[in-house]
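Q: need coordinates for the below:
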Amino acid sequence: MRNLFAGRVRRGTHAGLILACGLAAMGLAWTLNQTVPGLLEPVELWSVDLRFRARPALAVSSDPSRVTSDTIIVIDYDDQAARDYALGRWPWDRRVHAQMIEWLRTGGARIILFDLLFDRPSAAPVTDAAFIAAVRHAGTVLFPAVFHAIPEAAPPALPAAGLRHLLSASGSDTRALPSAGDIVWPLPALLETAAGLGHIQRTPDVDGAMRRLPLLYKAGDRLFPSLGFAAALRYLDTDPASVRIEPGQAITFTVHDGRTVAIPIDARGRAWVNYAGLWGQRFTHYPYSWLRHQIETQDGRGRLAEWFDGKIVVLANLTTGSSDQGPTPFERDFPFSEMHAHAINMVLTGQFLRNATPAEAAACLMLPTALLTASALLGGPGWILPAYVVSLLGYGTVLNSAFHSGVILPALQPLLALTLAVLLLVTARWLIVDQERLKFLSVLGAVLPPHTIEAIRQSPDRIPRLLAGRQRELSLLFADVRGFTDFCERAEPMEIQRVLREIREALTDILLRSGGTLEKYTGDEVMAFFGDAEPEDGGPEHEEARVERQAANAVRAGLAIQREMRTLNDRWQQQGRAGHAVRVGIHTGMVAVGNFGTEQLWDYGVIGAEVNKAKRIEGAAPAGGLMLSKRTYALARHHGVLTENLPNTTVSLKGIPGKVELYEVSPEVIARLPEHPARPRR
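A: The predicted structure follows:
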């Protein structure tokens, strides 16, 4: 077929239309993102989740062979401990926490981080006293605070004990940062004795998932760090005065060895939490019940340093009723206590994520669509869909590669522009080419079956391959009316025509809906074959799957034919007319398929010894039933169309050398089989 599209483009007639399609697609995608960003954001965030799951494992240790962090440990207060040690319902006696701190201090833990709020005195003051004494003795414990985030606020009243845990805002641009209001502090004595303080505010995205964390809030002329960020700063021995924030750019600080660390943030001061993986897989979790049981033994007490020396330890509540969990990129019910571990690991290892710059985002929007438009200009309509697929796959690769390097490129807006460009280009193609192509297809429509015509309509390059003679394994179906010759001798000609037409219409409809290619009518006989229009590439496994699927389609068609004949016979009986029985034979084998006619008169069909064999099998079929060759039966049985094991029979077929193993599907068996819709399985 002439490439009319490309030819006209080369003459410059339609180049402007194609370029306009590409520009319009980019403009529409950009406008949609600017005017209704909430429409695209959930899908964009979902694409970020996919990138989290698709990338290689994130490092959690300087030792690449380690799967879990050698710096961060999580201890989970659990229900088993409450049962084993009669601790009762949460909250537990605070002497439990005091004892835990003492164990960690003995083991040499460098930082102890409580993801538990202690803002009220307990009912027993003695337990508070023990807890406060343990915190003072350790000197390494950090506590959380909570508050309401508000855009602007009068400077909050900051207690002197709390003030020392906050960072100076001097030299930082804090105008865009949300403020901390109605701060709920830990107990005053804990503020006095704690080594640090941090907030545990959540800022879920529009779909409720936690992907970004506000590392700093404004509190008067101070900065309120998140709990994990405060722990990381302490672990890195950071000079608090060196912390600077520039919303939309980065939080920077200087560590003890003089290095400057920059954490990318958005305009609201949020950093992407670079999750290292699923909960419990990248950080060692010790259930409190197990740990306490170990420490009750002499061997366990001797291993405290092995477990905790130099570590950051997060203490979390995982008892029944703890609601501090929700969705993250990896899972829907993620206990947020481990988010501190992921945030700390991100800062310690310097593995940050950042949004694309405006220049990067613009390039992402334009380049894939420009590639598609250039393909339409240079290669014509046949290049549009391949270029679209290549662009999709290529951009998907770029997205994952950039994410692995710490850059979150936009996904939806460029892909939307790309898809709109395809739609516009295909519309332009229809205006230029398809009006002439429809004339060509109207000629093919009189020769080829409907499902093959549809395949050609979608992929015109299939035409030469379909019409050329080629060898394929197909399923062949023959059906004829038992005793129709005798019926013709005694019936009126118009009754013969009427019956023959009703049977042919019913059988033809079933065969075409089942994906069969209807080859011919010969008297009362109908012949069809299955599997000719499917692509021939894909390898041996793909080809075997095609043969099995099409054999199953053929058997479904045969079963549907017999069920339809029962309906016809019931109707004929009500009309006082004679009934008829159809025999169906199905065989699967290698045949030659293609156009066996001339350029003037096409004859699309199949030839070969297997065709004759299929015809002979139909002659051996019972009235109202099916007869299947061994190959067809095995394929249909494996595919689940036939739910019963059928007995085999060995017969001699006229013109076929040797004995042939066949399987009969009797009317009784058909009645027991579940009905399958007569439509092709692809």
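
Q: C-terminal to the host helix or strand of residue 347, what's the next element?
A: Secondary structure from DSSP states H and E places residue 347 in helix 337-349. Per DSSP H and E, the first helix or strand lying C-terminal to helix 337-349 is strand 354-355.

Q: for the following helix or strand past that following strand, list every residue counted as buried.
A: For strand 354-355, the succeeding helix or strand toward the C-terminus, using DSSP H and E, is helix 358-379. Within helix 358-379, the residues scored as buried using 16 or more other CB atoms under 10 Å are 360-361, 364-366, 368-373, 375-377, 379. Every residue, glycine included, has its C-beta placed from N, CA and C.

Q: what's next to the helix or strand just after helix 358-379, contact-wise?
A: Using DSSP H and E, the helix or strand that follows helix 358-379 in sequence is helix 384-404. Outside helix 384-404, the residues that touch it by CB atoms under 8 Å, 6 or more residues apart in numbering are 47-48, 51-52, 54-56, 353, 364, 368-369, 371-372, 375-376, 379, 408-409, 411, 414-415, 418-419, 422, 425-426, 429.

Q: repeat that for stretch 645-665.
A: By CB under 8 Å, 6+ apart, the residues outside stretch 645-665 that reach it are 558-559, 612-613, 616-617, 619-622, 625-630, 633, 637, 642, 669.

Q: how about it: buried residues?
A: In stretch 645-665, counting by 16+ other CB under 10 Å, buried: 646, 653, 660, 662-665.

Q: do stretch 418-428 as well
A: Judged by neighbour count (16+ other CB under 10 Å), stretch 418-428 contains these buried residues: 418-422, 424-426, 428.

Q: go on, stretch 345-353?
A: 345-349, 352-353.

Q: circling back to that earlier point, now the helix holding residue 347: how far from the chain's centre is it?
A: Computed by CA atoms, centre = their mean, to the nearest Å, the chain-centroid distance of helix 337-349 equals 27 Å.

Q: what is it packed up against?
A: strand 72-77, helix 227-235, strand 312-317 (3 or more CB pairs under 8 Å, 6 or more residues apart in numbering; DSSP states H and E).

Q: let me see the ranges of the helices in the stretch 401-550 of the chain.
A: Using DSSP state H, counting those that start in this stretch, the helices of the stretch 401-550 of the chain run over 412-429, 435-444, 450-458, 462-467, 484-490, 493-513, 539-574.

Q: most packed of these?
A: Of all the helices of the stretch 401-550 of the chain, helix 412-429 has the most neighbours on average by mean count of other CB atoms under 10 Å, namely a mean of 21.

Q: what's the mean pLDDT across that one?
A: The pLDDT scores in helix 412-429 average 84.

Q: angle of that helix against helix 384-404?
A: With axes from the mean of the first three to the mean of the last three CA atoms, to 10 degrees applied, the angle from helix 412-429 to helix 384-404 works out at 170 degrees.

Q: in TSV: the helices and strands packed on helix 337-349, plus distance to residue 36 and mean pLDDT.
A: What follows is the helices and strands packed on helix 337-349, written out as TSV (distance: least, CB to CB, whole Å; pLDDT from 0 to 100):
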stretch	distance to residue 36	mean pLDDT
strand 72-77	41	96
helix 227-235	34	95
strand 312-317	39	96
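
Q: in a markdown table: these, plus distance to residue 486.
A: As requested, those are exported to a markdown table (distance: least, CB to CB, whole Å):
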| stretch | distance to residue 486 |
| --- | --- |
| strand 72-77 | 85 |
| helix 227-235 | 90 |
| strand 312-317 | 87 |
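
Q: any chance of those in JSON lines, with mean neighbour count and distance to residue 120 too?
A: Formatted as JSON lines, these follow (neighbours: other CB atoms under 10 Å; distance: least, CB to CB, whole Å):
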{"stretch": "strand 72-77", "mean neighbour count": "24", "distance to residue 120": "18"}
{"stretch": "helix 227-235", "mean neighbour count": "25", "distance to residue 120": "19"}
{"stretch": "strand 312-317", "mean neighbour count": "24", "distance to residue 120": "16"}
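
Q: residue 495: which of these is closest?
A: Checking these against residue 495 by CB to CB gives strand 72-77 as the closest, at 84.0 Å.

Q: CA atoms only for the longest strand seen in the chain, dumped as CSV, please.
A: Secondary structure assigned by DSSP state E gives strand 581-595 as the longest strand of the chain. Extracted in CSV, the C-alpha atoms of strand 581-595 (Å, rounded to 0.1, in the frame of the first residue of the first chain):
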residue,chain,number,x,y,z
ALA,A,581,-29.3,-33.1,13.8
VAL,A,582,-25.9,-31.7,13.1
ARG,A,583,-22.5,-33.5,13.3
VAL,A,584,-19.4,-31.6,14.3
GLY,A,585,-15.8,-32.7,13.8
ILE,A,586,-12.8,-30.8,15.0
HIS,A,587,-9.1,-31.4,14.3
THR,A,588,-5.9,-29.5,15.0
GLY,A,589,-3.0,-29.8,12.7
MET,A,590,-0.5,-28.2,10.3
VAL,A,591,-2.1,-26.7,7.1
ALA,A,592,-1.2,-24.2,4.4
VAL,A,593,-3.3,-21.0,4.9
GLY,A,594,-3.5,-17.9,2.6
ASN,A,595,-5.0,-16.7,-0.6
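
Q: and that strand, how far from the chain's centre?
A: Computed by CA atoms, centre = their mean, the separation of strand 581-595 from the middle of its chain amounts to 40 Å.

Q: cool, stretch 231-247 as well?
A: The chain centre lies 39 Å from the centre of stretch 231-247; the measure is CA atoms, centre = their mean.

Q: which residues does that stretch contact?
A: Residues from elsewhere that reach stretch 231-247, judged by CB under 8 Å, 6+ apart: 71, 110-111, 113, 142, 167-177, 195-196, 198, 216, 223, 225, 251-256, 261, 265-269, 312, 340, 343-344, 347-348.

Q: can you tell me which of those residues are in helices?
A: 340, 343-344, 347-348 (DSSP state H).

Q: put together CSV for those, with distance to residue 275 and pLDDT on each row.
A: Output for those, formatted as CSV (distance: CB to CB, whole Å; pLDDT from 0 to 100):
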residue, distance to residue 275, pLDDT
340, 12, 95
343, 9, 95
344, 12, 95
347, 14, 95
348, 15, 94
